[in-house]
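**Q** Fold the following.
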Amino acid sequence: MDALMAAYGDTSSSEDKDTDPSRPTITNSNPQPSDPLPPPPLALLESPNSLGTLDYWERGQVSRVRSFPHVEGNYALHVYIPVYIPTAPKMGMIQFLKKVTSLVPGLQVVDVDVPLNILCQDDHKLEQIALGREFHISLGRTVPIGVHQIHSVVAMLRQKLQFQKPYLIDFSKWEVFVNDDCTRSFLSIEVITGGFIEITKQIQAVNEVYKLHNLPEFYKDPRPHISIAWALDDISDSLNRAVEEGKRCYTVGGLLQKRIFTSKFSGIECKIGQKTYKICKFQEE
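**A** Numbering: from 1, shown residues only. The predicted structure follows:
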């Protein structure tokens, strides 16, 4: 993914990643309908053994835009928890994505922007590209900061979040989120039980650092989640209907599964431009 980000330049160009909630909000700054970004090189998505030529890229590409205007000397700041989806639940998730995509064909994979309806023709590609990458639970908005703020921001984040105890994060609910200006809709998986309290406390700590640097704080009622796919405009009505249909993939004996998957909290990272900083380490019980 670092290679993908490098394709877009190193200043003020972080894309919308994990996004907030069914009300019109988003974890990152609002995208503006200007400054279209070039697509990442096709070679970055190719695997000699499995992905082939990916000639579908030209057939389904949707241009991305910067989250905020480029300003010389500014870098995009994003604080997050890295998340990887374990192998076991992926088959059920694949069936869910296929169902949703059949009803909402305009969905794109978050960060990579490959059309889901094309990936759904090959389960292996769908798993590898849509579910096999690193996801993020955002702990603060993605915002631009000046180069003079970098050292202070990182130092304060480490001071407040340096020691964290391990915990489990339950991703329990498929949810639809729309960004602040209603230009994008997102298919996401929300944390509503296990890990919610711990993540909320971490968001509060990040808010304190943002506030000291005159940066916009996170939403008052945070809804931690990862985002899987996105589409242009506010299509929350049709996407919510598709999600309800897709949830039938998760019924066992007529009962909805309690969680989609569980992940171990693996630490907190802070990405500024192209550099990633490790913010915390685990504290033994």
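
**Q** Would you map the strands across the stretch 51-200 of the chain?
**A** Per DSSP state E, counting those that start in this stretch, the stretch 51-200 of the chain carries strands over the ranges 64-65, 74-83, 108-109, 135-138, 143-146, 163-164, 168-178, 184-191.

**Q** What is the distance between the longest helix along the chain and the centre of its chain?
**A** As assigned by DSSP state H, the longest helix anywhere in the chain is helix 196-212. When distances are taken as C-alpha atoms, centre = their mean, to the nearest Å, helix 196-212 is centred 18 Å away from the chain's centroid.

**Q** Ok, stretch 124-142 next?
**A** Here stretch 124-142 is found 6 Å from its chain centre; the criterion is C-alpha atoms, centre = their mean.

**Q** for the record, mean pLDDT for that stretch?
**A** For stretch 124-142, mean pLDDT is 96.

**Q** ditto for stretch 264-274
**A** For stretch 264-274, mean pLDDT is 95.

**Q** please begin residue numbering at 43 from this point
**A** Yep, numbering from 43; the last one is stretch 306-316 now.

**Q** residues making contact with it?
**A** Here stretch 306-316 makes contact (C-beta atoms under 8 Å, 6 or more residues apart in numbering) with 44, 47-48, 52-53, 56, 117-126, 181, 187, 192, 195-196, 199, 203, 206, 208-211, 237, 240, 244, 318-324. The way it works is simple: take the backbone N, C-alpha and C, and place the C-beta from them, glycine included.

**Q** Now the terminal residues of that stretch, how far apart.
**A** 25 Å (C-alpha to C-alpha, to the nearest Å).

**Q** buried set for that stretch?
**A** With burial defined by 16 or more other C-beta atoms under 10 Å, the residues of stretch 306-316 counted as buried are 307, 310, 311, 312, 313, 314, 315, 316.

**Q** quick revisit: only alpha carbons, please: show the longest helix of the chain as PDB.
**A** What follows is helix 238-254, C-alpha atoms only, in PDB (Å, rounded to 0.1, in the frame of the first residue of the first chain):
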ATOM      1  CA  PHE A 238     -15.500  -0.200  21.400                       C
ATOM      2  CA  ILE A 239     -14.600   1.200  24.800                       C
ATOM      3  CA  GLU A 240     -10.900   0.900  24.300                       C
ATOM      4  CA  ILE A 241     -11.000   2.500  20.800                       C
ATOM      5  CA  THR A 242     -13.200   5.400  22.100                       C
ATOM      6  CA  LYS A 243     -10.600   6.200  24.800                       C
ATOM      7  CA  GLN A 244      -7.900   6.200  22.200                       C
ATOM      8  CA  ILE A 245      -9.900   8.600  20.000                       C
ATOM      9  CA  GLN A 246     -10.200  10.900  23.000                       C
ATOM     10  CA  ALA A 247      -6.500  10.900  23.500                       C
ATOM     11  CA  VAL A 248      -5.900  11.700  19.800                       C
ATOM     12  CA  ASN A 249      -8.500  14.500  20.100                       C
ATOM     13  CA  GLU A 250      -6.400  16.100  22.900                       C
ATOM     14  CA  VAL A 251      -3.300  16.100  20.700                       C
ATOM     15  CA  TYR A 252      -5.300  17.500  17.700                       C
ATOM     16  CA  LYS A 253      -6.800  20.300  19.900                       C
ATOM     17  CA  LEU A 254      -3.400  21.400  21.100                       C
END
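
**Q** Could you report the neighbour count for residue 163?
**A** Number of residues near residue 163 (other C-beta atoms under 10 Å) recorded here: 10.

**Q** Tell me how far it lies from residue 288.
**A** Noted for residue 163: a distance of 18 Å to residue 288, by C-beta to C-beta, to the nearest Å.

**Q** Next: residue 197.
**A** For residue 197, the distance to residue 288 (C-beta to C-beta) stands at 44 Å.

**Q** and if you look at residue 175?
**A** Taking C-beta to C-beta as the measure, residue 175 falls 21 Å from residue 288.

**Q** With residue 212 instead?
**A** From residue 212 across to residue 288, the span is 19 Å (C-beta to C-beta).

**Q** More neighbours: which of these two?
**A** The neighbour count for residue 212 versus residue 288, taken as other C-beta under 10 Å, is higher for residue 288 (22 against 18).
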